[in-house]
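>>> Please work out how this folds:
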Amino acid sequence: MEYEHTVKLEKGFHRDSKVIFLSFPKEQKIIDAVKTLHGRKWSQTNKKWYITSDDFNLDEVFSALRNLAWIDVEELRGKGKGSKEEAPLPPRTTSEPTRQKVKPKIDLTPENKILLEDFRGWLEHKRYSTRTVKIYTEMVKVFATLMSASDLSSLNNDDIVNFIHTHIIGTGYSSTYQNQMVSALKIFYREVCDAPIEVEAIERPRREHKLPNVLSKDEVKRILDAHANVKHRTMLSLIYACGLRRGELLRLRFGDIDRNRNLLIVRQSKGKKDRVVPISDRIMAMLEDYVRAYKPKFYLFEGQKEGMPYDEQSLQSVLKQAVAKCRIRKPVTLHWLRHSYATHLLEAGTDLRYIQELLGHRSSKTTEIYTHVSTSSLKMIKSPFDDL
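This next block holds a predicted model:
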């Protein structure tokens, strides 16, 4: 569908608050639709409608402006005027589509509410992680809201295809988000909702093959040395030294360090798997200095409240500050440290099978992706250009 009008979403500040501005030509139908959005306000100074970042919900915007205008979200991915940090992003990236607060304007029918609760209960009964339960139930809730279906059991395969084409592909969502939506709907219609839907016929998007982002050893060293704070330096160092995921680091408990054998026990990580990772004497000494200074009670890295884990966003900020201090102009994330750990092991001659175990990968194919970014073999290749 081609749209006559475009609504551009822009990050910014208004009255000392982070906001999302909505810029569009004066069109009464669009104005009426914007007025239905939760938390919308008019800025007389900027001559624009805006929503505070805390109230902003991209799914609600898409739903309200459906068939009225094209939603331009590209500005959300850059720095807005006067913005000091990232505003909430739409669920187009791998990272966390579900961090959006879903506040659909259209209430679910009693029948659909029951189905959604049954779905949540089924996921919890099967021991899906808390995060996965939240993601999948939010996905089905968004689906029910945008479809405006009085009864989800009345839909068929064509309805799902149209939904994906219009609301996911048509509005610029990523293939990762689409794949998550398909996963949620497949489980929902196979296990919970009886409908004239052939679950196996719901197609997934073609898989993207992206290479992991890897830092050089020098860049890693600069990042890890950037903080003077012992706690911050230890957290970042442990992620790289043991190839940990962010959640794995934050769930570590004081008792997960085996001092006698210099091992770290990573419990119930992705796929509900335990694994052990060796700790070098150097990182062990760093951990001992940290424990003496901070005396954690339960979790290895605790937040401001005693006995509670360190906050995910605060950990991201710790890395962001370190990257800024050492003036690395790359969009470094915590997972880059894990990728760098695996790649540097491979370049040092570590067998791929051992790296698979250290990372906790179920399949060796997942680990093999690091062979595509390792430079140790590539550097030995001589370009034919040099023989000219």
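>>> Give the helix, strand or coil label for residue 370.
Taking DSSP: H, G, I helix; E, B strand; the rest coil as the rule, one finds residue 370 in the helix state.
>>> these two touch, right, it and residue 350?
No. Applying C-beta atoms under 8 Å as the test, residue 370 and residue 350 come out as separate, 10.3 Å apart. C-beta coordinates here come from the backbone N, C-alpha and C atoms, glycine included.
>>> Run a quick neighbour tally on residue 38.
Using other C-beta atoms under 10 Å, residue 38 is surrounded by 15 other residues.
>>> I'd like the distance between it and residue 65.
14 Å (C-beta to C-beta, to the nearest Å).
>>> And for residue 234, the neighbour number?
Residue 234: 23 surrounding residues under other C-beta under 10 Å.
>>> Check what pLDDT it gets.
On pLDDT, residue 234 comes in at 95.
>>> Show me how far the host helix or strand of it is from its chain's centre.
Residue 234 is located in helix 230-242, with elements delineated by DSSP states H and E. Centroid separation for helix 230-242 versus its chain: 21 Å, with C-alpha atoms, centre = their mean, to the nearest Å.
>>> got it, and stretch 332-339?
How far stretch 332-339 lies from its chain's middle: 13 Å, per C-alpha atoms, centre = their mean.
>>> Return the set of buried residues in it.
Neighbour counts using 16 or more other C-beta atoms under 10 Å place 332, 333, 334, 335, 336, 337, 338, 339 of stretch 332-339 among the buried residues.
>>> closest to residue 121 among those residues?
The shortest approach to residue 121 among the buried residues of stretch 332-339 belongs to residue 335, at 31.9 Å (C-beta to C-beta).
>>> give the contact list for that closest one.
Residue 335 sits next to 213, 245, 246 when contact means C-beta atoms under 8 Å, 6 or more residues apart in numbering.
>>> likewise residue 372?
Residue 372 sits next to residue 211 when contact means C-beta under 8 Å, 6+ apart.
>>> What of the one 3 residues further on?
For residue 375, the contacting residues are residue 347, taking C-beta under 8 Å, 6+ apart as the criterion.
>>> how far is the lengthiest helix in the chain from where the chain is centred?
Counting residues, the longest helix found in the chain (DSSP state H) is helix 130-147. Centroid displacement of helix 130-147 relative to its chain, using C-alpha atoms, centre = their mean, is 15 Å.
>>> Does anything pack onto the helix holding residue 234? Which helices or strands?
Applying 3 or more C-beta pairs under 8 Å, 6 or more residues apart in numbering; DSSP states H and E, we find helix 230-242 packed against helix 217-224, helix 246-251, strand 263-266, helix 281-294, helix 312-325, helix 334-347.
>>> what comes into contact with that helix?
220, 223-225, 227, 244, 246, 249, 264, 266, 277, 279-280, 283, 286-287, 289-290, 293-294, 301, 310, 315, 318-319, 322, 334, 337-338, 340-341, 358.
>>> which residues in this protein form helices?
Under the criterion DSSP H, the chain contains helices at 28-34, 58-64, 110-125, 130-147, 157-163, 175-187, 217-224, 230-242, 246-251, 281-294, 312-325, 334-347, 352-359, 364-367.
>>> list the buried ones in stretch 255-264?
256, 257, 264.
>>> Buried ones among the contacts of helix 230-242?
220, 223-224, 227, 244, 246, 249, 264, 266, 277, 279, 283, 286-287, 290, 301, 310, 315, 318-319, 322, 334, 337-338, 340-341, 358.
>>> Please give me every residue in contact with residue 244.
Neighbours of residue 244 in contact, by C-beta under 8 Å, 6+ apart: 238, 266, 277, 338.
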